[in-house]
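Chemist: Let's see this in three dimensions:
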Amino acid sequence: GTFLGALEAASANALPRLQAAARWLVQMGRLTLENGSEIDNILEALDDLQDRLLLRGSCPNGSFAVRVRALGLEYNLCIRQAEAADGFLGASLVDKHIMNEGAWPECAEIAELLPARSGCIALDVGANIGSCTLLMARLGVPVIAVEAEPTNLALLRGSLRLPQPPGGPEFANVSVVGVAADSAAGVVRIVRDPTNAGNSSIQN
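Modeler: As a prediction, this is how the structure comes out:
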């Protein structure tokens with residue numbers, strides 16, 4: 001809520017100063033503990049806090065970042081909090097499965113079907129929150145992600161701003177198109193399913 005947001009902002013503001021002060025004290029020999037690993041633990045805890053604050057800042061309100069693991073790769077992804085079901089973001093079966101299982105299994109199945117050659121471009125129509133988009137991009141495949149549902153689109157774009165773990169390409173190879181895919185050009189209305197954003201539909 002508001003209190004947590006203010007706490008995160010204050011922590012983010014104070015964190016660089018704490019890190020700089022701790023490292024300066026170590027360099028000057030003024031921070032000495034009997035067990036040197038305790039100093040490392042302090043610095044590691046500050047670095048971990050920095051990572052977590054950065055991850056939270058990129059995801060829309062009502063969501064948070066999780067580490068997804070698939071096909072031997074890892075990437076960070078914004079998913080809905082369970083409490084967001086009654087809010088703007090609504091609920092989603094994809095988010096719930098990723099939170100409980102660590103990945104959306106269809107993404108690995110789709111990625112394994114990609115041709116083993118350069119020059120391939122993947123078109124992810126109905127990209128949802130981007131779990132499959134990000135996996136294919138992490139494999140080094142350029143991806144065009146098409147998603148019209150506004151909350152899924154916000155989560156996808158938030159994920160693309162997240163810092164990513166080492167071990168694979170960043171996501172500069174992803175293009176996001178915020179439109180609906182249909183057999184003819186025109187204007188449509190999105191009908192949201194409040195229990196599952198991935199089951200939303202369009203009406204002419």
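
Chemist: Can you give me the neighbour number for Asn61?
Modeler: By other Cβ atoms under 10 Å, 12 other residues sit near Asn61. All C-beta atoms are positioned from the backbone trio N, CA, C, and that covers glycine.

Chemist: and it, backbone torsions?
Modeler: Per-residue torsions, Asn61: phi -60, psi 140 (degrees, to the nearest 10).

Chemist: For Leu77, see how far away it is.
Modeler: In this structure, Asn61 and Leu77 are 16 Å apart, going by Cβ to Cβ, to the nearest Å.

Chemist: Repeat that for Met99.
Modeler: 10 Å.

Chemist: next helix or strand past the helix or strand harbouring Thr133?
Modeler: Taking DSSP states H and E as the definition, one finds Thr133 inside helix 131-138. The first helix or strand that comes after helix 131-138 along the chain, using DSSP H and E, is strand 143-146.

Chemist: Dump whichever helix or strand comes after that next one to CSV, restricted to CA.
Modeler: The first helix or strand that comes after strand 143-146 along the chain, using DSSP H and E, is helix 150-160. Presented in CSV, the C-alpha positions along helix 150-160 are these (Å, rounded to 0.1, in the frame of the first residue of the first chain):
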residue,chain,number,x,y,z
PRO,A,150,-3.9,-3.4,-21.4
THR,A,151,-2.9,-5.1,-18.1
ASN,A,152,-1.0,-7.9,-19.8
LEU,A,153,0.7,-5.3,-22.0
ALA,A,154,1.7,-3.3,-19.0
LEU,A,155,3.3,-6.4,-17.3
LEU,A,156,5.1,-7.3,-20.5
ARG,A,157,6.6,-3.9,-21.0
GLY,A,158,7.5,-3.8,-17.3
SER,A,159,9.4,-7.1,-17.7
LEU,A,160,11.4,-5.7,-20.6
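
Chemist: Using PDB, write down the CA coordinates of the next helix or strand after helix 150-160.
Modeler: Following the chain from helix 150-160 toward its C-terminal end, the next helix or strand by DSSP H and E is strand 174-177. Listed next in PDB are the C-alpha coordinates belonging to strand 174-177 (Å, rounded to 0.1, in the frame of the first residue of the first chain):
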ATOM      1  CA  VAL A 174      11.900  -7.700 -28.700                       C
ATOM      2  CA  SER A 175       9.300  -5.400 -30.400                       C
ATOM      3  CA  VAL A 176       6.000  -5.000 -28.700                       C
ATOM      4  CA  VAL A 177       2.800  -4.200 -30.700                       C
END
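
Chemist: I'd like to know which elements strand 174-177 is packed against.
Modeler: Other elements packing on strand 174-177 under the criterion 3 or more Cβ pairs under 8 Å, 6 or more residues apart in numbering; DSSP states H and E are helix 131-138, strand 143-146, helix 150-160.
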